[in-house]
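Undergrad: Generate a structure from the sequence data that follows.
(one chain, ligands or ions: 1)
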Amino acid sequence: MVNKNIIAIDGPAGAGKGTLTKRLCDYYGFSGLDTGSLYRAITLCMIEMEHDMDNINLEFAIELTRKLSDTHKILEYAKNPQIRSQLTNKYVASVAKIPEIRAIMREYQISFGTNPPDLPDGRPARGAIIEGRDIGTVICPNAPVKFFITASPETRASRRLKQYIDQGETANYQDVLASIIARDEADRTRATSPMKQAEDAILIDTSLNDKEQTFQVAKKVINERLKIILE
Ligand code: CDP
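TA: Take a look at the predicted model:
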């Protein structure tokens with residue numbers, strides 16, 4: 001049976017999409033897909049192959065994406081913590097703007113939504129949460145629930161800085177802020193599937209809310225729109 005319980009979560013870098021997705025997946029028994037990790041995985045693989053990331057060879061990048069996706073190796077790369085390094089951050093938007101790469105990833109994301117994998121404990125998923133930049137607009141335009149999660153660049157930079165430090169990297173606030181602003185700009189202005197709030201998406205600003213409040217706002221909307229019975 002085709003899954004119709006799809007929640008689309010979009011928003012800029014470091015807004016808290018991942019935290020909200022995880023909490024909602026745990027609460028509702030949904031499977032979650034972090035689509036940014038797919039673009040990050042491709043980027044990391046290219047960096048590891050010592051590809052010249054300042055002059056990306058399109059044919060090479062597209063062929064590699066196809067291989068990573070066909071062999072499911074993309075999921076292995078997506079588990080590598082290096083996908084969140086500052087170097088991967090620097091180049092991921094250049095990889096993600098390539099239309100052919102997005103087209104390959106689109107198929108993958110749609111099939112996750114219509115047929116979400118079982119939960120880690122083996123139970124069947126009750127639905128899917130897909131998070132990214134173009135989920136509510138391009139990947140799942142008919143999703144019954146859409147959120148656009150945002151926060152001020154300063155709030156997002158402080159959170160990201162903390163993540164780098166926790167992960168053992170050295171970073172300073174000004175560089176992190178500049179890199180977040182540059183990536184947002186690249187994501188917002190690219191020609192194919194730019195980051196955009198869908199007209200029917202609910203906006204949540206996480207600089208004004210803590211994690212619990214954000215979860216409660218989202219939960220209220222989901223309970224109204226999806227008739228999920230939790231035992
Ligand atoms: O974790 P963070 O919020 O910094 O970003 P992410 O969700 O991991 O996405 C990393 C990058 O992948 C974004 O800056 C975009 O360039 C790209 N991306 C995209 O183009 N489309 C998506 N659906 C998800 C991510």
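
Undergrad: tell me which parts of the chain are close to the ligand?
TA: Counting by CB under 6 Å from any ligand atom, the residues of the chain close to the ligand are 13-14, 35-36, 39-40, 92-93, 96, 132-134, 183, 187. Quick note: C-beta positions are derived from backbone N, CA and C, even for glycine.

Undergrad: Return the set of buried residues in stretch 69-84.
TA: Using 16 or more other CB atoms under 10 Å as the test for burial, stretch 69-84 gives 69, 74, 77-78, 80, 83-84.

Undergrad: now that stretch, how far from the centre of its chain.
TA: 14 Å (CA atoms, centre = their mean, to the nearest Å).

Undergrad: quick revisit: now, which of the buried residues of stretch 69-84 sits nearest F60?
TA: Comparing those against F60 with CB to CB places S69 closest, at 14.9 Å.

Undergrad: can you map out the helices along this protein?
TA: Per DSSP state H, the chain carries helices over the ranges 17-28, 35-48, 58-70, 73-78, 86-96, 99-114, 153-166, 173-189, 211-225.

Undergrad: Please work out which of those helices is packed deepest.
TA: Of all those, helix 35-48 carries the top mean neighbour count, a mean of 23, counting by mean count of other CB atoms under 10 Å.

Undergrad: tell me the angle that one makes with helix 17-28.
TA: Interaxial angle, helix 35-48 versus helix 17-28 (axes from the mean of the first three to the mean of the last three CA atoms, to 10 degrees): 130 degrees.

Undergrad: For helix 35-48, name the packing helices and strands.
TA: If contacts are counted by 3 or more CB pairs under 8 Å, 6 or more residues apart in numbering; DSSP states H and E, helix 35-48 sits against helix 58-70, helix 73-78, helix 86-96, helix 99-114, strand 128-132.

Undergrad: Now do that helix against strand 128-132, angle only.
TA: Comparing the axes of helix 35-48 and strand 128-132 via the same axes, to 10 degrees yields an angle of 50 degrees.

Undergrad: With that, I have no additional questions.
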